[in-house]
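Undergrad: Turn this into a structure:
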Amino acid sequence: MKNRSVIAVVIAALAAIGDVRLSPGQPRIASPRVSDAAYVQGLLKQFNVPGVSIAIIKDFKVAASYAYGVVDAATGAPVTTDTMFQAASTSKPVAAMASLKAVQEGKFTLDQDVNTILKSWKLPTGDFTRERPVTPRALMSHTSGTGDGFGFPGYAVGAPLPTVPQILDGVPPSNLRAVRLERPPLVGHKYSGGGVMIQQLALTDAVGKPFDQIMHDWVLNPIGMTNSTYEQPLPASRENRRHVHTIGPARGRAIRGMCIPSKPPPDCGPRRRTWRSSPLKCSLRCSDDRRACCRRRRRTK
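TA: This next block holds a predicted model:
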């Protein structure tokens, strides 16, 4: 489902700037545009995507925005340019900005041993760190040596939610295995959602504030992204603008995307597939607030 959503959005975006071929054997369509409602609706139907919101950015400003389809297949509520979508791993580089500000503020350094920053949990190391420690630089560049490679399936609404340390240790109610080193730092690159979660925890331990508050105060609010947030769950004031996230085994019922609270009040992690995702995939909600960065919708049955 994820691939279908992404494909639809990418094709729609490409359609705004040139010719596209939808699949082998199909005729080329001459310069379709995302402003063509019939064309985009056809793409949504072809790729089984309920809804999408598209922003055209020119000279660092939103030049135009469009919304098609439904927010919730069950209710038929339409997508608007204010609908909040999960930003998935797009939230990672945005979250990295907060860590860089923490470095600027002297909270820690990019090449500091992360275990000297962490207070609420420690990364088991062993022989892998004999020559060099795991650092924020390595964690944010996916070169730390962690071998999880996930991928967060999310949690059903109402299900018990694990803390960040529980996710990192792979203990219930986490539905993932533990995040551990499988090689020395800086000897190779491997995508690691768990590594980003470790950096999230280091950031919150160093700053002493919830992650969503850090992101609001240090990154989103200063650049004017007032309709984007890392909060999980969403406050009531934003709840009516979110999309219903349903995927995988939970298809047909809402799940907690990928953002998991680390403790009451909920602290979400940087990389959640945005709005109901796991701590590091915590959802950066991108809606059209004139600085929108991503739009995506998952299939709902």
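Undergrad: Every contact and neighbour count from this point should use C-alpha atoms.
TA: Noted.
Undergrad: export the helix or strand where residue 213 lies as CSV, just CAs?
TA: Under the criterion DSSP states H and E, the helix or strand holding residue 213 is helix 211-215. Provided in CSV are the C-alpha atoms of helix 211-215 (Å, rounded to 0.1, in the frame of the first residue of the first chain):
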residue,chain,number,x,y,z
PHE,A,211,10.4,15.7,21.6
ASP,A,212,7.3,17.3,20.1
GLN,A,213,7.9,20.5,22.1
ILE,A,214,11.5,20.7,21.0
MET,A,215,10.5,20.3,17.4
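Undergrad: Tell me the helices and strands packed up against the next helix or strand after it.
TA: Next helix or strand after helix 211-215 toward the C-terminus (DSSP H and E): helix 236-239. Helix 236-239 sits against no helix or strand, with contacts defined as 3 or more Cα pairs under 8 Å, 6 or more residues apart in numbering; DSSP states H and E.
Undergrad: all helices for the protein, in order.
TA: Listed in chain order, the helices of the chain (DSSP state H) span 2-15, 37-46, 91-104, 136-140, 164-169, 193-207, 211-215, 236-239.
Undergrad: Where does pLDDT dip in the chain?
TA: The model of the chain has pLDDT under 70 over residues 1-32, 239-301.
Undergrad: one more time with 80
TA: 1-32, 73, 149-154, 157-158, 232-301 (pLDDT under 80).
Undergrad: what domains does the record give for it?
TA: What the record gives for the chain is the domain set 1-81, 87-287, from automatic domain parsing.
Undergrad: which of the residues in stretch 69-76 are buried?
TA: Buried positions in stretch 69-76, judged by neighbour count with 16 or more other Cα atoms under 10 Å: 69-73.
Undergrad: Which of those residues fall in strands?
TA: residue 69 (DSSP state E).
Undergrad: Can you tell me which of the buried residues of stretch 69-76 is nearest residue 90?
TA: Distance to residue 90 across the buried residues of stretch 69-76 (Cα to Cα) is lowest for residue 71, with 20.4 Å.
Undergrad: Pull the contacting residues for the residue nearest to residue 188 when sequence neighbours are not counted.
TA: Ranked by Cα to Cα, 6 or more residues apart in numbering and with sequence neighbours excluded, the top spatial neighbour of residue 188 is residue 143, at 5.8 Å. Taking Cα atoms under 8 Å, 6 or more residues apart in numbering as the contact definition, residue 143 lies against 185-190.
Undergrad: measure residue 143 to residue 66 for me?
TA: Distance, residue 143 to residue 66, by Cα to Cα, to the nearest Å: 38 Å.
Undergrad: will you turn the buried residues of stretch 69-76 into a markdown table that also has distance to residue 164?
TA: Listed next are the buried residues of stretch 69-76 as a markdown table, based on distance: Cα to Cα, whole Å:
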| residue | distance to residue 164 |
| --- | --- |
| 69 | 35 |
| 70 | 33 |
| 71 | 29 |
| 72 | 29 |
| 73 | 32 |
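Undergrad: quick revisit: mean neighbour count, the domains of the chain: which tops it?
TA: domain 87-287 (a mean of 21; mean count of other Cα atoms under 10 Å).
Undergrad: Residue 55 pairs with what?
TA: In this entry, residue 55 is beta-bridged to residue 65, by DSSP bridges.
Undergrad: was I right about it contacting residue 80?
TA: No. With contact defined as Cα atoms under 8 Å, residue 55 does not count as touching residue 80 (11.6 Å).
Undergrad: between these two, what contacts are shared?
TA: Residues touching both residue 55 and residue 80 (Cα under 8 Å, 6+ apart) are residue 66.
Undergrad: quick one on the thing from earlier: make a markdown table from the contacts of residue 143 and add distance to residue 157 to it.
TA: Formatted as a markdown table, the contacts of residue 143 follow (distance: Cα to Cα, whole Å):
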| residue | distance to residue 157 |
| --- | --- |
| 185 | 37 |
| 186 | 38 |
| 187 | 40 |
| 188 | 37 |
| 189 | 34 |
| 190 | 31 |
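Undergrad: Restricted to strands, list the residues you listed.
TA: Using DSSP E, none of the contacts of residue 143 sit in strands.
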